[in-house]
Structure formats: structure tokens, C-alpha cells
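K.L.:
requesting a structural model of the entry that follows:
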Amino acid sequence: MSTSFTLDTSTSRANPTPTPMKRLTVPAIRARKVDGVTAEPIVMLTAYTARQAQLLDPHCDMLLVGDSLGQVIYGLPSTIPVTLDMMANHAAAVVRGSYHSVVVVDMPFGAYEASPEAAFEAAATLLKASNAAAVKLEGGAAMAETVAFLVQRGIPVMGHVGLTPQAVNVLGGYGARGRSDAEADKIVSDAKALCDAGAFAIVVEGVVEPIAIAVTEAVSCPTIGIGASAQCDGQVLVTEDMLGMFERVPRFVKRYDDMAGLIRRTAETYAAEVRERSFPGPEQTYQPK
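P.N.:
Numbers count the residues shown, from 1 in each chain. Model (predicted):
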């Protein structure tokens, strides 16, 4: 028995509670793929808060504290302005709210590109501040040296190829990648370079399906698809997209519910009851004894 942080939902506060630690590990995720085959696909969703992590954790193998929080949580136009402190704080909350999933945290733009040494300093800061299990960084063969540098120093790394949102200004937009032969070949070679460098898994985002399949077949580590293919070794989505919190989402997102509609309807009912003075009622007020 060891101490983890779980949520006391009766008070909405995080309290230290002894719980059996059954958290999956990075080696366990890597071992899902045997001889090029992943019998049980890997389930990953994004999480940014402790309560969200608590709800998602029993159903996921990995929780990704994505730099997509810049847009989803902070209303920023892209992931570019996201800071190391933002990522560390949200990752710590997700770790406190989970006990089962491997928690992976995105390294934000500018925190790792300059040199392997700079990447190590940023990654170490993230993991020490949050107790997350691994970091994720974008980029292909150009980042292979950095991936190897981190892995050799005890920091597990998840790679990310294809559509890399931090490079949106270079790519010129969020369109699917791999439509030309040259780009397709580069995506596959980038993934192989990351895997050879020691990445334990690779996100394959926004690529035409045959390329996603080719990447999955070319690397020995698991691939996690988003806008890629069901033939990848696992899948990830931004949770808020999947729940229907936004009206406009990428075409590769399946909206499993309409949480935005539920929130609007609930807020409308609340507002009407306040204005007609039917809330609070006897059940929500304290009366003299």
C-alpha cells in the first residue's frame, strides 16, 4: 500500500487517501506490441484537471496532458503560447486524480528544440513537478538525438509525427499530411528514427490512412493514431472534442455526446429558476430549528 491522491467527491477536494497502486507503466505500454502486433489496442484520452482524470482513468491506458490545453482551457489561438508552468501544473493535477493510467505530458513549444541538454532540463522540470511518467515531443528524425539523450538519462519519451501542431506556422495549416510521396516517405522515416532512438510509443496525427498503416508496420513500438487509422496500435482524442464541448471539431473526431448542449440547457434552467425565485427552495436553505 502506498499513498495516492484521490478525490473526495462529497467535498470536491483532493485528500491523501491510501489506495493500492495499480498504475500501468511505460514498459507495460511498450510491451503491448509484440512482433508487430498489438492484440489489445491502447486507449488514450487527454486530461487537464484532477476531476477529469478521475473520471477517465478507469477506462484508459494512458492520459495525455496535451498542450492542446492552450486552446481547450485557456482559449489561446494555438499551442504555441503554452508554457512549461502551465504543463507542469495541469500534469500534477492529472497525476493526483488518477491511479491506473500512464500519465504523459506534452513538452511545450520552445522547451526542447534548442538542444538535447535544454530538452533534458525541461523534461526533468516537468516530471519532478508533476510526477508524470513520460514526456511527449513533436518532430521526426531531427529530434531523434534528443529522444535518445532523454531516454538514456531515464526519461521515457513518446514521439509525435505527421501533423505536428507546434509546427503549424511552418506547415501552413492543419491539413492532413502525407499526400505526396516525398512527404509520406518522410513521415515513415521520421517514425522509424524516433523508434530507433528509444521512443516507447509514437503519436501519428492527421495523415492519410495508408501512411498511418505503413508507419505502424514499420516501427516496433506502438503507434497511437489521431486522424490516422484504426489499424494503429491505439487511439487518442482530445476529450472535450469527443464529448461534444465544441461546435467545430476536426473531421477525424467522433462526437460521442453533446456536453455543450447539456451545459447550455442546464444553465438555462438554473437562470430561469433564479429569476422566478424558485431556486433556492426549502431543500437548499437552512431553516430555524
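K.L.:
quick one: mean pLDDT over stretch 209-217.
P.N.:
Mean pLDDT, stretch 209-217: 96.
K.L.:
roughly how far out does that stretch sit from the chain middle?
P.N.:
Chain-centre distance of stretch 209-217: 21 Å, with C-alpha atoms, centre = their mean, to the nearest Å.
K.L.:
contacting residues around it?
P.N.:
If you take C-beta atoms under 8 Å, 6 or more residues apart in numbering as the criterion, stretch 209-217 is touched by 36, 161-162, 177-178, 184, 187-188, 191, 202, 204, 207, 223, 225, 228-229, 231-233. The way it works is simple: take the backbone N, C-alpha and C, and place the C-beta from them, glycine included.
K.L.:
just the buried ones from these?
P.N.:
Neighbour-count burial within the contacts of stretch 209-217 applies to 161-162, 177-178, 184, 187-188, 191, 202, 204, 207, 223, 225, 228-229, 231-233; the criterion is 16 or more other C-beta atoms under 10 Å.
K.L.:
narrow the residues you listed to those in strands?
P.N.:
If you go by DSSP state E, the buried ones among the contacts of stretch 209-217 have 161-162, 202, 204, 223, 225 in strands.
K.L.:
which one of the residues you listed is nearest residue 151?
P.N.:
residue 202 (13.3 Å; C-beta to C-beta).
K.L.:
the closest one and residue 226 touch, don't they?
P.N.:
No: when contacts are counted by C-beta atoms under 8 Å, residue 202 is not listed as touching residue 226 (11.4 Å).
K.L.:
give the residues shared as contacts by the two.
P.N.:
Shared contacts of residue 202 and residue 226 (C-beta under 8 Å, 6+ apart): none.
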